[in-house]
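Visitor: turn this into a structure:
(one chain, ligands or ions: 2)
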Amino acid sequence: MTVVTQVDLDTPLLGPIGKKAADALSTKLGLHTVGDLVRHYPRRYVDRGKLTDIAGLELGEHVTVLAEVEKVTMRDMRHRRGKLMQVVITDGRGRRLDCTFFNPYKLKAVMVPGLRALFSGQVSRFRDKLQLTHPEFEPIEESEGVRPFVSIYPATQGFDSWQIARCVRQVLELLDDPTDPLPESLRRAEGLSDLGRALRRIHMPETEADQYAAKNRLVWDEAMGVQLALALRRKRAVQRPAAANPHVPGGLLEAFDDRLPYTLTAGQQSVGAEIAADLASETPMNRLVQGDVGAGKTVVALRAMLQVVDSGRQAAMLAPTEVLAAQHARSLRSLLGPLAQAGELGGAEQATRVTLLSGSLPAAAKKKALLEAQSGEAGIVVGTHALIQDRVGFAELGLVVVDEQHRFGVEQRDALRGRGEKAPHLLVMTATPIPRTVAMTVYGDLEVSALRELPGGRSPIATTVVPAGEKPTWLERGWKRIHEEVAAGHQVYIVCPRVGGDTGKDDTEFPDDPDDAGAGTDERRAPLAVLEVAPQLAEGPLAGLRIGVLHGKLPPDEKDTVMRAFDAGELDVLVATTVIEVGVDVPNSTAMVIMDADRFGLSQLHQLRGRVGRGSAPGVCLLVTDMPAGTTARERLDAVASTTDGFELARMDLELRREGDVLGSLQSGRRSGLRLLSLLRHEEIIAKARVRATEIVDGDPGLVRHPGLHALVAETVGDEERAAYLDKV
Ligand code: ADP
Ligand code: MG
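Guide: Ligands and ions are numbered 1, 2, ... in the order given. Now for the predicted structure:
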């Protein structure tokens, strides 16, 4: 065996550490190199003198706790030969965990009351007690010279925190101080320690100040990685000029403004002016318009599209679903009236055409639509992202509008800008309010404008939490209310988290928050499903009403048929998944019942309820849950019921969601390069890093003089990003 005496960050782990451990690190934790391992930071530190607070443990979590053995009993196994050792461990504050060990003979000598050890395993519940089944454990020697803190690592079944710690210590002993990617000037100005020191300190801190300083420095690495990637992207985006679309007097846009039945809100006007100026310039527009549900984004987008059409170019509008694309096409046509009837009887003189490209179109119609796009006859082409990106050739595409951005990653945005000689302008619209740090990261390559007010005449939505478990009569009253709404000529949505109809496996339709709200779901029943709830309602509480069903698994033409029927008032009730979350606009719908509301994210609930109360009649939204009072889940629902402020809810959502989910959309790589950066806690660092990164990229657009930073970008946002970037430099 060769003796490894020196390693750097790229050295494979096998060598500096033994085969068994190296295999475990690679298969269980995805750590392959020395760099991977030293960037696998401790989740937290345990002060050797202090026991872990057991009250903070969550069911289902894999935990490592420092606890003291209080009681040890041996008993026979019930159904097999052999013995069980039952150990009660305590946090010294009166809270206890039961641990069960099988085949305990080897443990007998060590496991004695008073022993302090790390215990590691999954938290479960038996009767009313929390327990760790068959945990691993590692005694803590209280000998002289032991470090003051035990680092607790994100670990898994079969490879425990202390085993990771041992491997980390081994490689740190062999590791030469790596070259520091951050320029010295920056480190000095921000008081950051160098990389080698920070890496040693984060794994083996001597003091709490060490922990803080190390973390602070490593957070900077991540913030710089992200901000450099974004600065590079911004640079790249403006390298290719766009076509200028100056205002055309007497054009379509003016004609449209003349026939608009309402006046634009102040926000629509000022955002409209910003967009108009962008479109008139050769610098490609990259603008995000944020406006709460119902703020009137469609008309803003349409006016932008008309400005481009006036210059003889085309605009594409991209929606996340076929349902939404079809609906957009319908509403654009109806807003435009004769202005969209080019070549038709009654069409206006300057008229253009709105062409819908849908996967469900018959072949001949699809061919016709593609031709209209290609020939330039269609001034506006509406379709889903997938379809337009892959299939459509344009005569001259001047503007791409992306509706409901939040399911759309940075990479997809890049793809849209295409490869032509001129870049199209890009306008992105989202109803999800964007906290400042999110604007600086996930949307950091875009300029942001906001529509802050809703058009007048909108009706308020009253939201009520219905605790179905505790107060079944409330739910009955809820269904009665639905009958009343329908009797008054209105329509109703019932939303369920799942489609159903098969194994009951994971077919939740949460495109945004795959694991949202699911904490500790181990013991819970499967979420309610559209295909089960609809027939139950039809036979039970909603008997006699015309009920339709809509979800993502329906064939596109069926979706369209259902949506049209609902739109036309031929259905009273639509039982649906979150497919209706974005953009669906049926002003006659006044009530929404969200089943298992606790399974949805806060922003998502806000989006959903924005579908009702779009007409003049007031809306009602019922959040049905069987979560008991006093739980976090219930508090979240109470928060949604108590405010209609989307910004406030987005902020709360950010606090509750795992941030990885948010930042994750920045990353293309399989493994996350962002471990410490927090959108809530590191606002200031993110803002400073943004300024620094912009300066550096302005002075060195290819990062050729900063190879370390170049590598940092790849490490933070993934290799694909680096590849894409190198490709274009
Ligand atoms: P969202 O921002 O959610 O996409 P929409 O564009 O669908 O909102 O607009 C919501 C409703 O408000 C539509 O029915 C639209 O016709 C109407 N609307 C938009 N702007 C105004 C305005 N300035 N005054 C009155 N109604 C408006
Ligand atoms: Mg919309």
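
Visitor: need the helix or strand of the protein with the lowest average pLDDT.
Guide: When the helices and strands of the chain are scored by mean pLDDT, DSSP states H and E, helix 719-728 comes last with a mean of 41.

Visitor: where does the residue of the stretch 1-150 of the chain found nearest ligand 1 sit: helix, strand or coil?
Guide: Using Cβ to the nearest ligand atom, the closest approach of the stretch 1-150 of the chain to ligand 1 is made by Glu58 at 36.5 Å. Glycine gets a C-beta too; all of them are placed from N, C-alpha and C. At Glu58 the chain is in coil, as set by DSSP: H, G, I helix; E, B strand; the rest coil.

Visitor: how close does it get to Ser124?
Guide: Here the criterion is Cβ to Cβ, to the nearest Å. By it, Glu58 lies 11 Å from Ser124.

Visitor: could you identify the helix or strand that succeeds the strand ranked longest in the chain?
Guide: What stands out as the longest strand in the chain, according to DSSP state E, is strand 62-76. Counting by DSSP states H and E, the element after strand 62-76 in chain order, helix or strand, is strand 83-90.

Visitor: buried ones in that following strand?
Guide: Under the neighbour-count criterion of 16 or more other Cβ atoms under 10 Å, strand 83-90 has Leu84, Met85, Val87, Val88, Ile89, Thr90 buried.

Visitor: mind listing the residues bridging to the nearest residue to Leu357 once chain neighbours are set aside?
Guide: Once flanking residues are discounted, Leu357 sits nearest to Gly383: 3.7 Å by Cβ to Cβ, 6 or more residues apart in numbering. With DSSP bridges applied, Gly383 shows beta-bridge pairing to Leu318, Leu357.

Visitor: what residues does the stretch 301-450 of the chain put near ligand 1?
Guide: Residues of the stretch 301-450 of the chain lying close to ligand 1 by Cβ under 6 Å from any ligand atom are Ala431.

Visitor: flag the shaky bits of the stretch 301-450 of the chain, pLDDT-wise.
Guide: Along the stretch 301-450 of the chain, segments meeting pLDDT under 70 span 386-390, 404-419, 433, 435-436, 442.

Visitor: can you map out the strands along the stretch 351-500 of the chain?
Guide: Remark: strands assigned in the stretch 351-500 of the chain by DSSP state E, counting those that start in this stretch are 354-357, 380-384, 397-403, 425-430, 447-451, 461-467, 491-495.

Visitor: quick one: closest of these to Gly291.
Guide: strand 447-451 (3.2 Å; Cβ to Cβ).

Visitor: packing partners for that closest one?
Guide: Secondary-structure packing of strand 447-451 (3 or more Cβ pairs under 8 Å, 6 or more residues apart in numbering; DSSP states H and E): helix 266-279, strand 286-291.

Visitor: out of these, which is the most enclosed?
Guide: Looking across those with neighbours counted as mean count of other Cβ atoms under 10 Å, the highest average goes to strand 286-291: a mean of 23.

Visitor: which residues are contacting it?
Guide: 234, 237, 267, 271, 274-275, 278, 297, 300-301, 405, 426-434, 439, 443, 445-452 (Cβ atoms under 8 Å, 6 or more residues apart in numbering).

Visitor: quick one: the longest helix anywhere in the chain to strand 425-430, angle?
Guide: For the chain, the helix with the greatest residue count under DSSP state H is helix 208-239. Interaxial angle, helix 208-239 versus strand 425-430 (axes from the mean of the first three to the mean of the last three Cα atoms, to 10 degrees): 130 degrees.

Visitor: since that was my last question, I'll sign off now.
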